[in-house]
Every structure is written in structure tokens, then in C-alpha cells.
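>>> Sequence plus predicted model, see below.
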Amino acid sequence: MNHTPRLRTVLSCTLLVVSLGAGATACGADSHPLASRPHDATGQVAFSAPGGSTKVDLDKPLEVTAKGGDDRITDVTAMDTAGHHLAGELTADGTRWHSTAPLAAGARYTVRVATEDEDGAPGARTITFDTAAAKKTLKVEFGPEAGKYGVGQPITAKLSAPVKSKQDRAVVEGALKVRSTPVVDGAWHWVDDKELHFRPKEYWPANGTITATSNLEGMKVGNQLYGGAAKPLKLTTGDRVEAVADAESHYMTVLRNGEEINSIPVTTGKPGFSTRNGIKVVLGKEEFVRMRGTSIGIAEGSSDSYDLPVYWATRVTWSGEYVHAAPWSVGSQGSANVSHGCIGMSTSNAEWFYDTVRQGDIVKVVNSEGDTMEDFGNGFGDWNLSWAKWRKGSVLQAGTRDGSGPADAARLRPEV
């Protein structure tokens, strides 16, 4: 009984040897591991890129060719130290492979080539080379600074040089990555040739984490223009704080995570100085500001001229619109609009508002006779664009439908 399992094992091996044919064994120590190991194919393969210290020209494709008529190339992989694969094509007869994408600037590549001779014996060769540095570099600076913000804060990407063509913009936009936890849908929007903004379809999730990174370094953007390194950005968000100022009822309602936490009597811009309608984002806070009419074009000494010390000022536009203490207009707050465009309230209410909001929180004005907040250039009016219009400003998402096709690529992935 003890010999039976051993006999069965020997018989199994014998049968496998027969079925696999000569030169192959299924068990035992008589196999030859070097028999299938690829041989050095140095004499069978030629590269257009020289090794050593010579820098490879960025304007020329990489080529790998089989030397002689008996050997063929079966596979080529080319990858730089950043882990980016270089795309390429191999001819049907295996005699030539060439790159189909631009080489990265200032990069070191490792190229591995697999070959096969007329008898089917595999061969392999590896070469490393460095590419030339870029003559022109496109730098990217993410904003705002790292920190904690409100749910309305857009991510900005400022470029060191203009990028105009759709093709070049696609390269840039595709290399700028934004990730959010929790996951949301979002997109980049080209503000102009040198600036992009990123926002979700809705506001950012409360108490979330957002990261922005760039894979543009070394990538060819346009004619002799290559991407440079970019410092990654990490933000967190606080509660969802929104203030809605109704210029008709003369009250501001403040909500935290959808629940009302205060209702404040206010005054907004009087006729001729009406406060802008629409969604604005808190840009910053100043305990004290000296406000002068001349800063907004009011002639000194005129009936509308003013020069006032202002406290607890929360800025919402670069042109000078604030939410601030206005003790001189307390009698009109809650009943009339008498300001020059700012949202005025009592000193105690202004201090409470100042302490409650942070940069990136939302201030929305409704029912004013003024114009709508500018989309760009005077702060962040980004949220006044519909999602459809916002996506038209993206060269990668313009024309796609919500939740389908290329739009799926813009879904933000959780931070790893």
C-alpha cells in the first residue's frame, strides 16, 4: 500500500514526457532552463538613438530595425523613468518599429526589444538613452494656495506661455489631473490662452479633499514647447456655507449644510450702484479697509463721494464689492438699498459673518437691479455658468453628453 502513490507519480511523469514531445520534461531535474532563455540580440537589432552620453534629438522619431533577413522583431517597449510609455508601430514583417508619439524632453528612456530568428529562437536587447532638454518650457502653477476652503473655491491652473490651438490645449488639459474625495463630476474650462479653472458640476462636497497634479513634465505641447514640472496642490473643504442676499427683501439668509443659521437685515446697492446679481465666492477677509469713492470712479467732492473706515470686510469681487459693517446705514438695513454696491449690515452682524465664512464660501445676490456677476476676471463667477456652458470651455468634454462617452473621463477619482 505504501508503494502505490510513488508508482502513480512515476507513471504520470512518463506520460507527460511523451505527450510534450522531445526536449521537454514535466518533472525531474534534467530540464535545461537556458534553452528557452532569449539570447543577446545585439548583432540583430539597430537603433536610431545612440547610447552613451549623446542626447537624442526631440524632433526625430525613435526607430528600431532588424539587421539581416533572417531575424524579426516581435515586440518593443520604450518607457521613461517617470513611467510613461512611448507609443509606436511595428511593421507586419517585423523588420521595423518606429515611435508614433513625441519623445519627452530631458528624459531617460529604456528600450527593450524582443526578436526571433528563422528557427524561432528568441532574442532580446536593451538600450538606454537620454533626450535633449526642451528649448521652451511651459510651466503650470496651481491655485489657490494649499489650505482649507469653502465648497465654491475653483481650482486654477496658470500657464507661463499662451496655448492657443485646440490640439495643444488637449495635451495640456489631458495632463492636468484633479481628484476628489468624495468623488464628483468636474471639468476644466479655458478662461483664456494662459489660464484654466476647474470646478465640479455642483459645489465641492463638504469636508472633502481635493488634489491637483500635472503629468505635463517633458511632454510636447506645441512647436518646440514642452511641459515643465508643477508643484502638486492639496485642498480640504469645510462645511457648505452659503449666504443669499435678497436685494428686494433687504435680508441675507445664511445656511450651513442646507440649514439656516442666521437671517440678517442688510442694505445693497442703490440705483446707479446696484449690487451684482449672481453667485460670488469669498476671496478674502480684512478686519479694516479704508474705502474711498475715487477707487470706483466717483469724483472727489461730488454728492456720492465717500471716504470711510470700514470694519469686518469680506471681499467678493476684485473691483471692491464687500460684505461689511456699515453702522452709518443701520436705519436703512432691512428696508432700503442705499450703498454704493456693497452689502452693508450692522457691526455685530458683520463681525459674526466675518467669523463664520472662509475663503471659497458662497455669497449669492438675488433680485437686484444690477448686472450679473462677471464669469471671470472680477473674482470667481464660475458658478454662474450652466454645466453645459462650462463644459464647452473644455476641449476634451465639449459636445459630450452628461454621464456618457468622453465625459466619463472627467469623473474625479478618489484620492489614493
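Looks like it came in fine.
>>> three-state assignment of the most centrally placed residue in the chain?
What sits nearest the mean C-alpha location of the chain, by C-alpha atoms, centre = their mean, is residue 177, with 3.1 Å. Following DSSP: H, G, I helix; E, B strand; the rest coil, residue 177 is assigned to strand.
>>> ok, what's across the strand from it?
residue 213 (DSSP bridges).
>>> my read: it touches residue 214, true?
Yes - the pair residue 177 / residue 214 is scored as a contact, 7.3 Å apart, by C-beta atoms under 8 Å. All C-beta atoms are positioned from the backbone trio N, CA, C, and that covers glycine.
>>> which regions of the stretch 151-300 of the chain sit below the pLDDT cut-off?
For the stretch 151-300 of the chain, the stretches flagged by pLDDT under 70 are 293-294.
>>> Please enumerate the helices of it.
Along the stretch 151-300 of the chain, the segments classed as helices by DSSP state H, counting those that start in this stretch run 166-175.
>>> likewise the stretch 301-416 of the chain?
According to DSSP H, counting those that start in this stretch, the helices that the stretch 301-416 of the chain contains are 347-356, 387-392.
>>> Quick check: residue 285 vs residue 323, distance?
As for residue 285, its distance to residue 323 is 10 Å (criterion: C-beta to C-beta, to the nearest Å).
>>> Give me the distance between the two termini of stretch 112-130.
15 Å (C-alpha to C-alpha, to the nearest Å).
>>> pLDDT averaged over that stretch, what's the number?
The average pLDDT within stretch 112-130 is 90.
>>> List the buried residues in it.
113, 114, 115, 116, 117, 123, 124, 125, 127, 129, 130 (16 or more other C-beta atoms under 10 Å).
>>> Same check on stretch 301-314?
310, 311, 312, 313, 314.
>>> which residues sit in contact with the first one?
Put plainly, it is residue 310. Neighbour list for residue 310: 288, 289, 290, 291, 322, 324, 325, 326 [criterion: C-beta atoms under 8 Å, 6 or more residues apart in numbering].
>>> and if you look at the second one?
Contacts were defined as C-beta under 8 Å, 6+ apart; by that measure residue 311 touches 287, 288, 324, 325, 347, 350, 351.
>>> Show the contacting residues for residue 150.
By C-beta under 8 Å, 6+ apart, residue 150 lies in contact with 237, 238, 240, 241, 281, 282, 357, 358, 359, 360, 361, 362.
>>> sorry, that was for residue 378
317, 318, 319.
>>> before we move on, what about residue 158?
Contacts of residue 158 by C-beta under 8 Å, 6+ apart are 140, 141, 143, 194, 195.
>>> who's it bridged to?
residue 141, residue 195.
>>> Could you pull out the buried residues of stretch 313-324?
The neighbour-count check on stretch 313-324 (16+ other C-beta under 10 Å) flags 313, 314, 315, 316, 317, 320, 321, 322, 323, 324 as buried.
>>> Point out the least confident one among those residues.
residue 320 (92).
>>> now that one: how far from residue 153?
Using C-beta to C-beta, residue 320 is found at 21 Å from residue 153.
>>> And for residue 77?
Residue 77 is 41 Å from residue 153, by C-beta to C-beta.
>>> For the residue lying closest to residue 86 once chain neighbours are set aside, name its beta-bridge partners.
In this structure, residue 86 finds its nearest non-sequential neighbour in residue 78, 3.9 Å apart by C-beta to C-beta, 6 or more residues apart in numbering. Counting by DSSP bridges, residue 78 is bridged to residue 111.
>>> my guess is residue 78 contacts residue 90, does it?
No - with contact defined as C-beta under 8 Å, residue 78 does not count as touching residue 90 (11.9 Å).
>>> In terms of neighbours, single out the busier of the two.
residue 78 (23 against 16; other C-beta atoms under 10 Å).
>>> what's near enough to touch that one?
62, 85, 86, 88, 99, 109, 110, 111, 112.
>>> what pLDDT does the fifth one get?
We note a pLDDT of 95 for residue 99 in this prediction.
>>> Please report the distance of it from residue 109.
With C-beta to C-beta as the criterion, residue 99 and residue 109 are 10 Å apart.
>>> okay, now residue 271: neighbour count?
So residue 271, with other C-beta under 10 Å, has 8 neighbours.
>>> looking at it, it is touching residue 341, isn't it?
No - Residue 271 lies out of contact with residue 341 (C-beta under 8 Å); the separation is 11.4 Å.
>>> Sketch out the low-pLDDT regions of the stretch 301-416 of the chain for me.
303, 305, 399-416.
>>> The same query, at a cut-off of 90, please.
301-309, 370, 397-416 (pLDDT under 90).
>>> Equivalent analysis for the stretch 1-150 of the chain, please.
Ranges of the stretch 1-150 of the chain meeting pLDDT under 90: 1-54, 59-60, 67-71, 82-84, 117-121.
>>> Which stretches in it count as helices?
Using DSSP H, counting those that start in this stretch, helices in the stretch 1-150 of the chain cover 4-20.
>>> all strands of it, in order?
Read by DSSP state E, counting those that start in this stretch, the stretch 1-150 of the chain holds these strands, from start to end of the chain: 39-40, 45-47, 55-56, 63-66, 72-80, 88-90, 96-99, 108-116, 122-131, 136-138, 140-143, 147-149.
>>> Adjacent strands (with direction) for the longest one?
In the sheet containing strand 122-131, the strands it pairs with under DSSP bridges are strand 39-40 (parallel), strand 55-56 (parallel), strand 108-116 (antiparallel).
>>> The last one now?
Here strand 147-149 has these sheet partners by DSSP bridges: strand 233-237 (parallel).
>>> Buried ones in the strand it pairs with, by neighbour count?
233, 235, 237.
>>> try stretch 347-357
In stretch 347-357, counting by 16+ other C-beta under 10 Å, buried: 349, 350, 352, 353, 354, 356, 357.
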